[in-house]
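S.K.: One predicted model, sequence on top.
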Amino acid sequence: MSDPSADPATPTPSGRRSGRTRFVFVDTEATGLDHERHELTEVSWIVRFEDGREEERQFFPQHTIDGADADALTLTRYDDRIAPQDKTPASEWLTLFLEDAQDAVLVGAVPDFDAQHLERMCRKLGLEPTWDHHLLDVETLALPLIAPGPEAPRSLAKTCLALGIPHDKDQAHGALYDARQARLAFDRIWQLLAELRATGAPLPPPVPRDNGRNGNGNGNGAGAVDPGVAKQMAATPADPDAPDQRAEQDAHTPR
């Protein structure tokens, strides 16, 4: 007779699965950045089950554009890409999401933005979030591999380019595309780390945040700091009197 505790999909007495982790790569688009005032226009996710199987989901929630931010509608190409789609009530798509996200770790680019919207929808329907309270931001996760020292994260586009992942700006800010890019970045990070552990291979070249304005980048986010300079930068303590760099806008705002 098999031991149920050895089955990754078998719930433990606490209700949580044992063994392997379930991940949900998620992205949402909305009519603006205010979680209380703006509404979701697209919700997409890829659930990676404990056995490695994956399923993609894409929904366009029922919503209005009352009080929408015009920049947000432009950024998501609302009129062409979202407005013509059939809309789904939250009772349908959110129920499926909560099933897929049971005890899962949400992964994305600035996933806190998505989680706050999802939590708000749960409150509106009287439901409880089912996902793990830990969130994984691929932009932050990649930072030690692509930056010369402690800094604010790159955008999803720059993170992907730094990791050697093609990024199509014409598809960016579509929720399913961004969820797929987050998954690619997540897998590439762990692939690089496995190679480093196994072979001692060098890190990818660090990517500057200033798009080459200091002369090292090529303007598309893929430029690299000279390895010698990067090593020196990483070893030099930050100057507390130096002005802070302008924080890069997150994955849900125009870049």
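M.R.: Everything's here; your move.

S.K.: all contacts plus neighbour counts: C-alpha atoms, from now on.
M.R.: Will do.

S.K.: pLDDT score for residue 120?
M.R.: For residue 120, the pLDDT comes out at 96.

S.K.: Please report how far it lies from residue 64.
M.R.: Remark: distance between residue 120 and residue 64 (Cα to Cα, to the nearest Å) = 16 Å.

S.K.: Which one of the two is surrounded by more residues?
M.R.: Neighbour count, other Cα atoms under 10 Å: between residue 120 and residue 64, residue 120 has more, with 16 against 12.

S.K.: Neighbours of the closest residue to residue 128 other than its chain neighbours, how many?
M.R.: Leaving aside its sequence neighbours, residue 128 sits nearest to residue 122 (Cα to Cα, 6 or more residues apart in numbering; 5.9 Å). By other Cα under 10 Å, the residues close to residue 122 number 19.

S.K.: Following element in sequence after the helix or strand hosting residue 122, please.
M.R.: Take DSSP states H and E as the rule and residue 122 turns out to sit in helix 111-125. The first helix or strand that comes after helix 111-125 along the chain, using DSSP H and E, is strand 135-137.

S.K.: Give me the helices and strands touching that following strand, please.
M.R.: For strand 135-137, the packing partners by 3 or more Cα pairs under 8 Å, 6 or more residues apart in numbering; DSSP states H and E come out as strand 105-108, helix 111-125.

S.K.: Which strands or helices does the longest one pack on?
M.R.: So that's helix 111-125. strand 23-30, helix 90-100, strand 135-137.

S.K.: strand partners of the last one, parallel vs antiparallel please.
M.R.: When pairs are called by DSSP bridges, strand 135-137 turns out to pair with strand 105-108 (parallel).

S.K.: List the buried residues for the helix ranked longest in the chain?
M.R.: Scanning the chain for the helix with the most residues, using DSSP state H, yields helix 175-199. Buried residues in helix 175-199, counted by 16 or more other Cα atoms under 10 Å: 175-186, 188-189, 192-193.

S.K.: do stretch 118-125 as well
M.R.: Residues of stretch 118-125 classed as buried: 118, 119, 120, 121, 122 (neighbour count, 16+ other Cα under 10 Å).

S.K.: want to throw these into JSON lines with distance to residue 91?
M.R.: Shown next, in JSON lines, are the buried residues of stretch 118-125 (distance: Cα to Cα, whole Å):
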{"residue": "118", "distance to residue 91": "12"}
{"residue": "119", "distance to residue 91": "14"}
{"residue": "120", "distance to residue 91": "13"}
{"residue": "121", "distance to residue 91": "9"}
{"residue": "122", "distance to residue 91": "10"}
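
S.K.: and residue 56, how many neighbours?
M.R.: Residues contacting residue 56 under the criterion other Cα under 10 Å number 15.

S.K.: Under a three-state scheme, what state does it occupy?
M.R.: strand (DSSP: H, G, I helix; E, B strand; the rest coil).

S.K.: hey, what's it bridged with?
M.R.: Where residue 56 sits in a bridge, its partners, by DSSP bridges, are residue 46.
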